[in-house]
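Visitor: Here is my input; please provide its structure:
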Amino acid sequence: MLNNAVGQIVAFCIRFAWAIVGLSVVLTAASAVYTAKHFAINTDIAKLISPDLPWRQREMAFEKVFPQTYERILAVVQAPTPELAATAAHDMAERLATQKGIFRSVQEAGGANSSAATVFSSCRRRSWRRRCRSSLRPRR
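Guide: Numbering: from 1, shown residues only. A predicted model of the protein is given here:
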């Protein structure tokens with residue numbers, strides 16, 4: 001019985017091959033258009049998890065009390081000498097400070113007496129991963 005049904009379907013597809021191919025192309029195009037218009041991924045962690053959960057409410061309360069711990073990036077620059085580390089950190093801080101659309105503020109910490117200079121930068125939350133990573137790449 002199953003062999004008979006499969007055989008009939010195959011015979012139908014062979015008889016109307018171009019119509020089946022055309023129908024497949026139309027359905028594929030319609031599916032692609034529907035997917036492009038209706039499918040979206042939200043990668044914002046704050047919106048993926050319900051704010052009604054008790055631990056999420058505690059986290060939001062903590063974020064309100066200590067806003068400086070969120071949206072902050074710490075870059076540690078290490079070099080063979082403290083002078084090279086300070087120069088590299090200073091150059092990086094200057095370069096990041098020019099990108100006001102990505103970083104809210106850039107502050108240089110550490111100094112010439114430390115073996116590793118650090119740069120603090122506050123990055124805009126929504127698209128920080130993509131933009132900040134590209135901003136921190138060294139120039140060629």
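
Visitor: Every contact and neighbour count from this point should use C-alpha atoms.
Guide: OK.

Visitor: Any regions of the protein where pLDDT drops low?
Guide: Applying pLDDT under 70 to the chain flags the ranges 68-71, 110-140.

Visitor: what domains does the record give for it?
Guide: As recorded under automatic domain parsing, the domains making up the chain are 2-38, 71-136.

Visitor: Out of those, flag the one nearest Ser50.
Guide: Ser50 lies closest, by Cα to Cα, to one member of the domains of the chain: domain 71-136, at 17.6 Å.

Visitor: In contact with Pro51, which residues are there?
Guide: By Cα atoms under 8 Å, 6 or more residues apart in numbering, the contact list for Pro51 reads Gln57.

Visitor: Now name the helix or strand holding it.
Guide: Take DSSP states H and E as the rule and Pro51 turns out to sit in neither a helix nor a strand.

Visitor: Got the phi and psi for it?
Guide: phi -70, psi 0 (degrees, to the nearest 10).
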